[in-house]
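*Asks:* Provide a 3D model corresponding to the input given below.
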Amino acid sequence: MTEKFTLRDILVYTLLGLIVLFFTYLYYPFEIGSIIKDSKDYSDLTVLLLIPISYLIGHILMSLDDVIFNGILVRFFPKEKPLKNKYWKFYNFFFFGYRNIGIRNKEEITNETFLKTCDKLITENKYEKAEYYQVMSDLFKGIVLIIFISIVFDIYLWRFEFWKLILIFLIWYRAKMFSAYYVRMIKRNI
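*Replies:* Residues are numbered from 1 along each chain as shown. Sure thing, here's the model as predicted:
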């Protein structure tokens, strides 16, 4: 395993899994507290299992993200110049404005051109900085999804927590910045 994969695994999947567990605790504090109390006698084993469980939860979350955004929502885009219409501009901004694909749509960079440029940079060993921005973008996109799911759950429970709206806006903005840095770095080499 290389350092790059280890960094992505820790920063994206494991950390997102831990954040999911934290948000789960916000909704089920007594149940989670009971599990923690019951596992005190096996604290070493619990900590040892917490990392792979978090890692797996992080992968499941990013799979959900991929299904929603790259599998379902992206299919609604028309093939011909989608961002000439105000509706499609709003659709792109709302669902994809903080994602690489949304920024590429806005910049009118085709997927094929973008991927060929990424492949070229990888073979020339010039992709490292762009990869950092991509990893950070993935982390913040995952956090946006977690907070969004939490807000939907709050609506279902007839609750409202203003701090989550502030947090989702700030995290969304940060995800957008990292995605923009990533796309710009690749665009310079097209």
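*Asks:* now do the lengthiest helix in the chain: distance to the chain's middle.
*Replies:* Longest helix of the chain, by residue count under DSSP state H: helix 128-156. The chain centre lies 3 Å from the centre of helix 128-156; the measure is Cα atoms, centre = their mean, to the nearest Å.
*Asks:* may I see the buried residues of that helix?
*Replies:* 130-147, 150-151 (16 or more other Cβ atoms under 10 Å). Using the backbone N, CA and C atoms, a C-beta is placed for each residue, glycine as well.
*Asks:* do you know the pLDDT at F5?
*Replies:* Predicted confidence (pLDDT) for F5: 57.
*Asks:* let me fix that: Y173
*Replies:* The model's pLDDT for Y173 equals 95.
*Asks:* so the strand or helix carrying it versus helix 128-156, what angle?
*Replies:* Using DSSP states H and E, Y173 falls within helix 162-187. Orientation check (axes from the mean of the first three to the mean of the last three Cα atoms, to 10 degrees): helix 162-187 against helix 128-156 gives 150 degrees.
*Asks:* residues near M185, how many?
*Replies:* For M185, the neighbour count with other Cβ atoms under 10 Å is 20.
*Asks:* residues contacting the helix or strand where T117 lies, please?
*Replies:* Element membership for T117 (DSSP H and E) is helix 111-123. By Cβ atoms under 8 Å, 6 or more residues apart in numbering, the surrounding residues in contact with helix 111-123 are 101, 104, 127, 130, 183, 186-187, 189-190.
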